[in-house]
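Chemist: coords below, sequence missing:
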């Protein structure tokens, strides 16, 4: 007399909600490793998986789009900075001309002051533009990094979803006897 206990006991459950399509083995049947026990209808879950893949692709495209937009914006502001540098060089030349004319007696002190003021304003605008360039670079890096992190999170969620889909294949891990099918 005695009690027979199994060497291994395993409960296999589906990680997804699905409709049962077919049961391949009934209770008491011997199964070999790799035998399919149940077939689930995973149509709804497959559609959700494709939707998540598409969303990930949209995020990746969004990263590329953000990079292109930020690169264009950065290029535009660099051009503005170059234009401002040329304008400053021109204003410096105007100031020198105004000083020469004043020394020669052909100009006024007022024209020199006006040239100096214009030069100071242009130099301040250039400093402001250079600060804007640094700020935009930081925003660019942060924005791209944020998009990459978001895509990475989506990628991990997609990977987890794909893993669940693979686990939804209800197959025997090892040879044994099927004791219960629910």
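Modeler: On my side now, so go ahead. Keep in mind it's a predicted model, so treat the numbers as computed, not measured. Numbers count the residues shown, from 1 in each chain.
Chemist: longest helix anywhere in this protein?
Modeler: As far as residue count goes, and with DSSP state H defining each element, the longest helix of the chain is helix 43-104.
Chemist: quick one, the next helix-or-strand element following that one and helix 43-104 angle?
Modeler: Next in sequence after helix 43-104, counting helices and strands by DSSP states H and E, comes helix 109-167. Counting by axes from the mean of the first three to the mean of the last three CA atoms, to 10 degrees, helix 109-167 lies at 170 degrees to helix 43-104.
Chemist: Packing partners of the longest helix of the chain?
Modeler: Counting by 3 or more CB pairs under 8 Å, 6 or more residues apart in numbering; DSSP states H and E, the packing neighbours recorded for helix 43-104 are helix 109-167. Placement of C-beta: from N, CA and C, glycine included.
Chemist: how far away is residue 152 from residue 144?
Modeler: When distances are taken as CB to CB, to the nearest Å, residue 152 and residue 144 turn out to be 12 Å apart.
Chemist: any weak-confidence spans in this protein?
Modeler: Screening the chain residue by residue with the criterion pLDDT under 70, one finds no matching range.
Chemist: List the buried residues in stretch 44-59.
Modeler: 45, 49, 52, 56, 59 (16 or more other CB atoms under 10 Å).
Chemist: Could you double-check that the second one sits in contact with residue 165?
Modeler: To tie it back to what came earlier, the one meant is residue 49. Yes. Shown here, residue 49 and residue 165 form a contact pair, counting by CB atoms under 8 Å, at 6.1 Å.
Chemist: picking that back up, compare residue 152 and residue 144 and say which is more crowded by neighbours.
Modeler: Higher neighbour count among residue 152 and residue 144: residue 144, with 15 against 12, using other CB atoms under 10 Å.
Chemist: List the contacts of that one.
Modeler: The neighbours of residue 144, taking CB atoms under 8 Å, 6 or more residues apart in numbering as the test, are 63, 66, 67, 70.
Chemist: Swap in 10 Å and give it another go.
Modeler: 63, 64, 66, 67, 70 (CB atoms under 10 Å, 6 or more residues apart in numbering).
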